[in-house]
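> Turn this into a model:
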Amino acid sequence: MDHTDYLPCKQDHKGKWVNTDLPRWIKNGEAEGITPIAPTEKQPDGSVLLGQVHDPLARVMNGGISGNAGVFTSADDVAVLCAALMNGGSWNGHRILHPLTVKMMTTVPKGFEAFGRTMGWDNSSPYSSPEGDLLSKDTYCHSGYTGTAIVIDPDNDLAIILLTNAVHPVDKTNVIRLRTMVANVVAGSIIGK
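Residues are numbered from 1 along each chain as shown. Down below sits the predicted model:
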């Protein structure tokens, strides 16, 4: 996952994070084929953030690095994560996580079933709508404020990755229903065939 980071933008000479079109991890000559950083929310001064989390608490209070918001990534990198989780913690012949770690991460702890959350994922909580209505009971997901979603159904060997940007240019869009519909369309098109 070489293209996943909290602050893919660059620092100026004063150490302040500034907007950039391409991630800072791009090496010389690597820019061809690299997707530019998606813009986030338009700011009161008219500027649009690039490579900086739109959530002001994460951006200002936590310096842009916060577990609640601000990871920038690519669909390819998310696919690697999904593949590793669906493969019991291994990817491309390398053990990344122990299978018991994956099980702990993706199973709702005993006694906490009413919460519908695993250690880091939603399973049946009020926030698990990205799972849609057709996937297995073992499906788990994670969604972000900007509309992003990762849905993993281990029973059907299926991962759905939706990278959206509902706060650009202004934070007035809601894609909750869209995430559910995408999961239903994908599931309906492949499950049981």
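> Got the confidence number for Leu7?
Note on Leu7: pLDDT of 84.
> Just list the residues touching it, thanks.
Going by C-beta atoms under 8 Å, 6 or more residues apart in numbering, Leu7 touches 17, 24, 51-52, 64-65, 70, 72. Just so you know, the C-beta spots here come from the backbone N, C-alpha and C atoms, and that holds for glycine as well.
> Could you list the buried residues of the top helix by length along the chain?
In the chain, taking DSSP state H as the definition, the longest helix is helix 176-190. Buried residues in helix 176-190, defined by neighbour count with 16 or more other C-beta atoms under 10 Å: 178-180, 182-183, 186-187.
> quick one: the strands in this structure?
With DSSP state E, the ranges of strands along the chain come out as 10-11, 17-18, 39-42, 48-50, 90-91, 94-95, 140-143, 149-153, 158-162.
> Lys172: which of those strands is closest?
For these, the distance to Lys172 is smallest for strand 39-42, at 10.1 Å, taking C-beta to C-beta.
> For Leu162, see how far away Phe145 is.
Actually, residue 145 is Tyr rather than Phe. 13 Å (C-beta to C-beta, to the nearest Å).
> Dump stretch 132-141 to CSV, restricted to CA.
Only the C-alpha atoms of stretch 132-141 are listed here, as CSV (Å, rounded to 0.1, in the frame of the first residue of the first chain):
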residue,chain,number,x,y,z
GLY,A,132,-26.9,-3.2,1.4
ASP,A,133,-29.6,-5.9,1.8
LEU,A,134,-28.3,-8.9,-0.2
LEU,A,135,-24.9,-9.8,1.3
SER,A,136,-24.2,-12.5,3.9
LYS,A,137,-24.6,-12.0,7.7
ASP,A,138,-20.8,-12.1,8.0
THR,A,139,-20.3,-9.0,5.9
TYR,A,140,-18.5,-6.1,7.5
CYS,A,141,-17.9,-2.6,6.3
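> Nothing else from me, thank you.
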